[in-house]
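*Asks:* Following is a predicted model, sequence given first.
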Amino acid sequence: MEVFNQVKEFAEEHATGLVVVIIAGTGLIAIRRWMAGAVCRSKARLDVKTVLITGANTGIGKETAVDLASRGARVILACRDMGGANRAADEIRKRSGNGNVVVKQLNLASLQSVRALAADVKASEERLDILINNVGIMMCLQWKTEDGFEMQFGVNHLGHFLLTNSLLDLLKKSTPCRVVNVSSLAHEKGEIDFDDINLDRYYDPVKSYRQSKLANVLFSRELAKRLEGTGVTVYSLHPGVIHTELTRNLTQSMPLWKLMMCSPLMLLWPLKSPWEGAQTTIYSAVDESLQNTSGLYYSDCAPKKTAPQACDDVAAMKLWDISASMVRLA
């Protein structure tokens with residue numbers, strides 16, 4: 001009884017503070033649920049189908065791999081870090097109950113590596129039903145790829161552009177099949193600098209990231225047009241704001257004062273988990289309702305309108321031609 005009275009007395013003395021805490025907590029829970037977004041509800045099976053996911057050893061790529069392996073697919077993890085990829089493959093096999101998970105080397109910052117992987121896949125795989133271009137690098141310093149391209153544009157766009165085109169014959173052979181390009185909401189503020197596409201004259205990590213993500217959407221749009229009637233459908237998407245390793249370069253590229261201001265917000269803001277962030281990728285890869293749809297952009301497992309510059313067919317074609325020249329596409 002004494003303990004009850006003490007608790008009652010404390011509550012009466014701190015009533016206002018407790019109300020504020022309860023309201024704030026309820027608000028954070030509501031925001032967290034909203035940020036979690038939609039979940040892919042499709043029960044589609046992928047038995048006898050083959051999926052290739054770039055960068056599937058961490059984050060949303062790994063969660064996507066677990067889901068698709070759980071549906072019975074043969075899943076190829078195309079990764080730069082072979083040690084991490086092999087560890088991820090073991091985890092994916094255990095979590096999915098599917099032992100048909102294989103690892104292949106891919107460094108998207110090297111055109112030679114991209115061509116080598118494509119040649120390997122075409123030689124070893126009878127089919128490729130789903131290609132998920134998942135790898136992304138975000139807001140790094142002014143690094144260059146092995147071939148001298150600006151790193152974010154080179155990895156996020158050019159590497160996937162070459163990989164997709166190099167695998168098109170196998171994809172067409174396996175129809176109906178899908179190409180899924182993981183883009184970002186950042187495309188909405190992106191611009192393609194056709195006069196300085198490597199941003200040599202003025203490099204800004206944010207501008208570079210936005211350009212590369214806009215390139216993902218424009219590439220998807222143009223690819224869908226070129227593949228119309230082939231049975232290969234194309235999707236681009238925004239996965240959400242997620243707790244993953246993608247932001248690991250921010251501490252190097254962001255000024256200290258900005259980092260100090262943003263760090264508390266990044267800790268408190270209810271970001272998506274990798275599993276939640278993978279849902280739109282999974283939806284784009286398997287949902288039956290998208291079977292006859294191609295070239296659209298998705299967020300939270302639903303179509304979403306892109307920025308006006310992402311609907312520019314002239315820019316999409318120009319980007320394709322420049323990209324083809326840069327990667328020496330035959």
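*Replies:* That came in fine, so what should we check first? Quick caveat, the model's predicted, so the values are computed rather than measured.

*Asks:* What mean pLDDT does whichever strand or helix holds E276 get?
*Replies:* For E276, the element it lies in under DSSP states H and E is helix 274-277. Helix 274-277 shows a mean pLDDT of 96.

*Asks:* quick one: S184 from D67, how far?
*Replies:* Distance from S184 to D67, counting by Cβ to Cβ, to the nearest Å: 20 Å. For every residue, glycine as well, the C-beta is placed using N, CA and C.

*Asks:* all strands in the stretch 51-200 of the chain, in order from the N-terminus.
*Replies:* 74-79, 101-105, 130-133, 177-182 (DSSP state E, counting those that start in this stretch).

*Asks:* Would you mind putting these into TSV with mean pLDDT, mean neighbour count and distance to N292 alongside?
*Replies:* Shown next, in TSV, are the strands of the stretch 51-200 of the chain (pLDDT from 0 to 100; neighbours: other Cβ atoms under 10 Å; distance: least, Cβ to Cβ, whole Å):
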stretch	mean pLDDT	mean neighbour count	distance to N292
strand 74-79	98	28	25
strand 101-105	98	18	30
strand 130-133	98	27	16
strand 177-182	98	26	12
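
*Asks:* and the ones you listed as TSV, adding distance to D312?
*Replies:* Formatted as TSV, the strands of the stretch 51-200 of the chain follow (distance: least, Cβ to Cβ, whole Å):
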stretch	distance to D312
strand 74-79	30
strand 101-105	35
strand 130-133	21
strand 177-182	17
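
*Asks:* Tell me the spacing between H157 and A307.
*Replies:* Going from H157 to A307 by Cβ to Cβ gives 16 Å.

*Asks:* So those two - more neighbours on which side?
*Replies:* Between H157 and A307, counted using other Cβ atoms under 10 Å, H157 has the larger neighbour count: 30 against 17.

*Asks:* list the contacts for the closest residue to that one other than its chain neighbours?
*Replies:* Distances taken as Cβ to Cβ, 6 or more residues apart in numbering put A215 closest to H157, at 3.9 Å, once the chain neighbours are dropped. Counting by Cβ atoms under 8 Å, 6 or more residues apart in numbering, A215 touches 153, 156-157, 190, 192, 319, 323.

*Asks:* What helix or strand is K318 located in?
*Replies:* Per DSSP H and E: helix 313-326 holds K318.

*Asks:* Actually, Y298.
*Replies:* Per DSSP H and E: Y298 is located in strand 296-299.

*Asks:* which is the next helix or strand following that strand?
*Replies:* For strand 296-299, the following helix or strand on the C-terminal side (DSSP H and E) is strand 302-303.

*Asks:* And the contacts of that next one?
*Replies:* With Cβ under 8 Å, 6+ apart, strand 302-303 has contacts from 38, 296-297.

*Asks:* Buried residues, stretch 142-154. List them.
*Replies:* 143, 145, 147, 149-154 (16 or more other Cβ atoms under 10 Å).

*Asks:* Let me know which of the strands of the stretch 51-200 of the chain is the nearest to A224.
*Replies:* Across the strands of the stretch 51-200 of the chain, the minimum distance to A224, taken as Cβ to Cβ, is reached by strand 177-182, at 8.7 Å.

*Asks:* now G37, nearest residue through space, not along the chain?
*Replies:* Spatially, and ignoring its direct neighbours in sequence, G37 is nearest to D300 (4.2 Å; Cβ to Cβ, 6+ apart).
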